[in-house]
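A.B. asks: just a sequence and a predicted model for now, questions to come.
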Amino acid sequence: MKTKLLLTTLIAFVTSALYAADIPPVGSAAPDFSAPDASGKTQSLSQYKGKYVVLEWFNPECPFVKKHYGSDNMQKLQGEYTGKGVVWLTIDSNAPGTEGNITPEQAQKIMAQWKTKQTALLLDPESKVAKLYGAKNTPNMVVISPEGKIVYEGAIDSKASPNPADIPSSTHSAARRSPTPKPNRTAAT
């Protein structure tokens with residue numbers, strides 16, 4: 001039993017190191033991309049040049065996503081920052097046939113039921129955008145400066161827990177690359 005746990009831990013560390021090597025580091029230029037949103041309109045990072053942009057990877061079945069949406073925390077953050085001119089792009093990079101993959105119709109229904117306030121919900125079923133950013137977790141967050149530089153990448157908060165009661169005592173860490181918990185894999189893996 002101890003050997004299996006040790007082997008699993010070692011594999012996790014090696015995988016995290018390889019994963020981190022493929023991610024554009026904080027301070028680097030954010031890779032441009034284009035993807036359709038839930039209404040069928042193409043959204044690209046370059047169209048928002050000169051603005052702060054938040055990329056939020058999303059899986060409606062993920063317990064960590066449910067923690068932040070079920071408590072209205074994510075919607076409050078979306079509303080607060082989009083109200084200040086920040087562009088908030090939520091991205092579903094789950095492959096067809098996998099947990100969390102949604103159609104445009106399902107995306108529109110989720111946005112209405114959950115009362116989301118993002119700029120757009122992008123559909124990335126081939127994980128092209130996820131691969132550019134090394135996104136493998138939900139909700140993985142990337143913040144891009146008006147100059148097009150990545151200023152933050154990582155978890156939404158400091159608590160690796162699906163319990164909404166943890167949100168008030170959570171903190172937002174400084175810009176970093178961290179091995180965040182991997183509750184759900186996107187098709188990028």
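C.D. replies: Arrived safely, thanks for sending.

A.B. asks: which parts of this structure are helices?
C.D. replies: Remark: helices assigned in the chain by DSSP state H are 2-21, 63-70, 73-82, 104-114, 128-133.

A.B. asks: below-threshold pLDDT in the protein: ranges please.
C.D. replies: Applying pLDDT under 70 to the chain picks out residues 1-22, 172-189.

A.B. asks: quick one: the residue nearest the centre of it and Thr98, what's the gap?
C.D. replies: The centroid of the chain falls nearest to Trp57 when counting by Cα atoms, centre = their mean (2.2 Å). As defined by Cβ to Cβ, to the nearest Å, Trp57 lies at a distance of 14 Å from Thr98. To be clear about C-beta, it is placed using only N, CA and C from the backbone, and glycine gets the same treatment.

A.B. asks: list the residues that contact the residue nearest to the centre of the chain.
C.D. replies: By Cβ atoms under 8 Å, 6 or more residues apart in numbering, the contact list for Trp57 reads Ile91, Asp92, Ser93, Ala130, Ala135, Asn137, Thr138, Pro139, Asn140, Met141, Thr186.

A.B. asks: is it in a bridge, and if so with what?
C.D. replies: Ile91 (DSSP bridges).

A.B. asks: look up how far Thr82 lies from it.
C.D. replies: From Trp57 to Thr82 the distance is 18 Å (Cβ to Cβ).

A.B. asks: do Leu55 as well
C.D. replies: Separation of Leu55 from Thr82 (Cβ to Cβ): 14 Å.

A.B. asks: of these two, who's got more company?
C.D. replies: Taking other Cβ atoms under 10 Å, Leu55 and Thr82 do not tie; Leu55 has more neighbours (26 against 15).

A.B. asks: test my guess that that one contacts Thr138.
C.D. replies: No. Between Leu55 and Thr138 there is no contact under Cβ atoms under 8 Å: 11.8 Å.

A.B. asks: related to what we said a few turns ago, which one of the contacts of Trp57 is nearest Ala120?
C.D. replies: Ranked by distance to Ala120 (Cβ to Cβ), the contacts of Trp57 are led by Ile91 at 9.3 Å.
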